[in-house]
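Visitor: missing the sequence, but the structure's below:
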C-alpha cells in the first residue's frame, strides 16, 4: 500500500504528460480552462450515487510537487527541457469545487469542478477520477446494502477480497460513509477512527479439541463482546447447542450476556429462524444473530422477505469490490476555455447522446420543497445565475423541453463548495461520523421511488433556460464545423 505520506506526483496517465508537454511547446500552458467531473448513468449502480473521496483528493493535491527522481524519469521518456523546468518549479494554481462527501449525486451533473491553467487542470485528471470514482462506487454500494438491511446493522468485512491494500482501507472508509456501522479492517479503523468489529473464525474452533472448548475459551477471553461462529461442523445440532452451553457456563456466572452468534453458510434465512427459536427458548432473546457469506443488497432483501431473523450482516467481497457494478463511470471533460480575455464554451458531441457534454462554467443547485423537505430536482445554471432568492422557478426536461413544471415554496442550495483557491486547500473535512450522519439525512430527502434498486424513478437534473440555449447553440455550431 502507498504510504499515506507518500506523494502521488506521477499518478497520471502518460497522455496527460504528452499533452502538457505540447501545451508548453505551444505557449498555451497558462490558458485558463474549466473542467467538470461527472458520471454517466448506469442501471447496475442505480438511480443515484453517494459522493466520497473529497478528503483524500484534498490531501493528495495539497502536496502536488515533482522531485528530482520524477524529473529524471520524465527526461528519460523524452519530455522537453522546457517542460521539465516547468515541473521543477511547479506551483499549483487551480481553483476546485466539489460536492461534499455523503451527498447523493446524479448522472450528468458536475460533482467536481476545476478552473485553472489548462496544463495543471489536465495533469490532475487521473488523480481526481481514481479518487472520486473508487470511493463513490463503494459508498454507493454500501448505502444500497444498508438500505436493504432495513435498519439492521451492516459491517464492512471485505479486506481480504479487496483489489489491493489501498482499496481495502479507502473502501472501508467509503463503506462507513455509506452507512455501515463498522469495519473489520484494523488499519482503516486506526487511520479514520471507524468503529472496528471483531469476531471468531473457523480456524479458532478447529485448533481446539472440541467446538464446546473453543466456545468456552473464547467466552472467557472476551466476555463483554462474545460473538460465536456456529457453522463449523453442524449449525443446528452442534454449533448452536454448544454456543448456548458456553454462554451458560462462562458468561452468565460472570454477569455477562452474549452479544451474538454468526452463521456463515447454509440457508441463512431458514437457519436464522431455527436459531432464533433455540436462543429464545434457552433464555437468550437478546442474543443477536449475524449472517455472512457473499451477501449483497439483493440477497439481504430476499432473506428478509422470507422472514429471516437476522439482526446484523457482515458483508465482504460484493461490497468492497462492488461486484455486480465494479466500474464507476466518472469522466473529466473540458467545459470552457478563456481566449483573448473571452470565455469560449466547449462541447463534445457524440452519436451516443449520453456522451454529449454540457458546456460552460456552471453552478449546481438542489431544490428542496419547503413543506416536505424532499428534493425536487437538481439544476445546472450558468455561473452568473442566482436562484437562491427566487420564489418561483420553471423547470423543464432538457431532453423533452416541452415538459415543464413551475415550482414554488422551495429553497435552492448550491451543492458545489470550494475546496481549493488558487492552489491552496480551503476545505476542512468534517469528522467521518458526521459525514455518515449527513449522508443518512440526505438520503431521507429523496422520495422512495428514487431509492428503488430496480427501475428507480427518474430524478431530474435540469438545465436553466440560458444554459440549455447555449448548449443547443453550440451543438448546431459544432455540426456546421464538421
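Guide: Perfect, thanks for sending it. Computed from a prediction, not measured in an experiment: that's the story for all the values here.

Visitor: Helices of the stretch 1-150 of the chain, residue ranges please.
Guide: 14-26, 54-61, 68-76, 81-88, 118-123, 125-148 (DSSP state H, counting those that start in this stretch).

Visitor: TSV for those, including distance to residue 184, mean neighbour count and mean pLDDT?
Guide: To be clear about C-beta, it is placed using only N, CA and C from the backbone, and glycine gets the same treatment. Putting the helices of the stretch 1-150 of the chain into TSV (distance: least, CB to CB, whole Å; neighbours: other CB atoms under 10 Å; pLDDT from 0 to 100) gives the following:
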stretch	distance to residue 184	mean neighbour count	mean pLDDT
helix 14-26	37	16	95
helix 54-61	21	21	97
helix 68-76	37	13	95
helix 81-88	41	16	96
helix 118-123	37	24	97
helix 125-148	14	24	98
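
Visitor: of all the ones you listed, which lies closest to residue 360?
Guide: Nearest to residue 360, of all the helices of the stretch 1-150 of the chain, is helix 118-123, at 15.6 Å by CB to CB.

Visitor: Give me the contact list for the closest one.
Guide: 12, 16-17, 19-20, 23-24, 28-33, 35, 86, 92-94, 114-115, 337 (CB atoms under 8 Å, 6 or more residues apart in numbering).

Visitor: And stretch 232-244, by the same measure?
Guide: Applying CB under 8 Å, 6+ apart, the external contacts of stretch 232-244 come out as 202, 205-206, 211-212, 215, 228-231, 258, 261, 263, 265-266, 271, 274-275, 278-279, 282, 284.

Visitor: Would you mind measuring the gap between the ends of stretch 283-298?
Guide: As for stretch 283-298, its first-to-last residue distance stands at 33 Å under the measure CA to CA, to the nearest Å.

Visitor: Correction: the previous question concerned stretch 335-344.
Guide: Distances were taken as CA to CA; on that basis the terminal residues of stretch 335-344 are 9 Å apart.

Visitor: what does stretch 451-465 give?
Guide: Taking CA to CA as the measure, stretch 451-465 stretches 28 Å from start to finish.

Visitor: how about that stretch: buried residues?
Guide: 451, 456, 459-464 (16 or more other CB atoms under 10 Å).

Visitor: swap in stretch 251-261?
Guide: By 16+ other CB under 10 Å, the buried positions in stretch 251-261 come out as 251, 256, 258-261.

Visitor: List of residues touching it?
Guide: Contacts with stretch 251-261, where a contact means CB under 8 Å, 6+ apart, come from 219, 223-230, 239-240, 243, 247, 275, 279, 284, 286-290, 311-312.

Visitor: Let's see that with 6 Å instead.
Guide: By CB atoms under 6 Å, 6 or more residues apart in numbering, the surrounding residues in contact with stretch 251-261 are 219, 223, 225-228, 230, 243, 247, 286-288, 290.

Visitor: Please apply the same query to stretch 433-443.
Guide: Under CB under 6 Å, 6+ apart, the answer for stretch 433-443 is 101-104, 176-177.

Visitor: Arrange those residues in CSV, one row each, with distance to residue 468 and pLDDT as further columns.
Guide: What follows is those, written out as CSV (distance: CB to CB, whole Å; pLDDT from 0 to 100):
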residue, distance to residue 468, pLDDT
101, 30, 98
102, 30, 98
103, 24, 98
104, 23, 98
176, 39, 98
177, 33, 98
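
Visitor: pLDDT on the longest strand seen in the chain, on average?
Guide: Of all the elements of type strand in the chain, the one with the most residues (DSSP state E) is strand 330-339. Strand 330-339 shows an average pLDDT of 96 in the prediction.

Visitor: in its sheet, what does it sit against?
Guide: When pairing is defined by DSSP bridges, strand 330-339 lines up against strand 32-39 (antiparallel), strand 342-345 (antiparallel).

Visitor: ok, now how distant is the residue positioned nearest the centre of the chain from residue 267?
Guide: The chain has residue 136 as the residue nearest its centroid, 2.1 Å off, counting by CA atoms, centre = their mean. Spatial separation of residue 136 from residue 267 under the definition CB to CB, to the nearest Å is 34 Å.

Visitor: Report how many residues lie close to residue 478.
Guide: A count of neighbours around residue 478, defined by other CB atoms under 10 Å, yields 15.

Visitor: Next: residue 246.
Guide: Residue 246 has 23 nearby residues by other CB under 10 Å.

Visitor: what does residue 91 give?
Guide: Neighbour count for residue 91, taken as other CB under 10 Å: 10.

Visitor: Repeat that for the one 10 residues further on.
Guide: Around residue 101 there are 28 other residues, counting by other CB under 10 Å.

Visitor: In contact with it, which residues?
Guide: With contacts taken as CB under 6 Å, 6+ apart, residue 101 has the following neighbours: 51-52, 54, 435.

Visitor: please redo it, this time with the cut-off set to 7 Å
Guide: Residue 101 is in contact with 51-52, 54-55, 177, 435, counting by CB atoms under 7 Å, 6 or more residues apart in numbering.

Visitor: Which residue comes closest to residue 65 once chain neighbours are left out?
Guide: Residue nearest to residue 65 in three dimensions, not counting chain neighbours: residue 90, with 6.1 Å by CB to CB, 6 or more residues apart in numbering.

Visitor: Could you check the pLDDT of that neighbour?
Guide: In the prediction, the pLDDT value recorded for residue 90 is 96.

Visitor: top of the contacts of stretch 433-443 by neighbour count?
Guide: Ranked by neighbour count under the definition other CB under 10 Å, the contacts of stretch 433-443 are headed by residue 177 with 31 neighbours.

Visitor: And the closest residue to residue 116 other than its chain neighbours, how far from residue 326?
Guide: Of all residues beyond its chain neighbours, the one nearest residue 116 is residue 94 (3.1 Å), with distances taken as CB to CB, 6+ apart. From residue 94 over to residue 326 the distance is 30 Å, taken as CB to CB.

Visitor: Looking at these two, which one has more neighbours?
Guide: Neighbour totals were compared for residue 94 and residue 326, and residue 94 leads with 21 against 12 (other CB under 10 Å).

Visitor: Contact partners for the more buried one?
Guide: Under the criterion of CB under 7 Å, 6+ apart, the contact partners of residue 94 comprise 114-116, 120-121, 420, 423.

Visitor: Dump these into CSV; add distance to residue 46 as well.
Guide: Written out in CSV, the entries for the contacts of residue 94 read as follows (distance: CB to CB, whole Å):
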residue, distance to residue 46
114, 27
115, 31
116, 33
120, 34
121, 30
420, 30
423, 36
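
Visitor: Surely residue 447 and residue 376 touch.
Guide: No - with contact taken as CB atoms under 7 Å, residue 447 and residue 376 are classed as non-touching, separated by 9.7 Å.

Visitor: Of those two, which one has the most company?
Guide: Each of residue 447 and residue 376 has its neighbours counted (other CB under 10 Å); residue 376 has more, 23 against 14.

Visitor: List phi and psi for that one.
Guide: Comment: the main-chain dihedrals of residue 376 come out as phi -90, psi -50, following degrees, to the nearest 10.

Visitor: Leaving out the residues flanking it, which one is nearest to it?
Guide: Once chain neighbours are set aside, the closest to residue 376 by CB to CB, 6+ apart is residue 367, at 4.3 Å.
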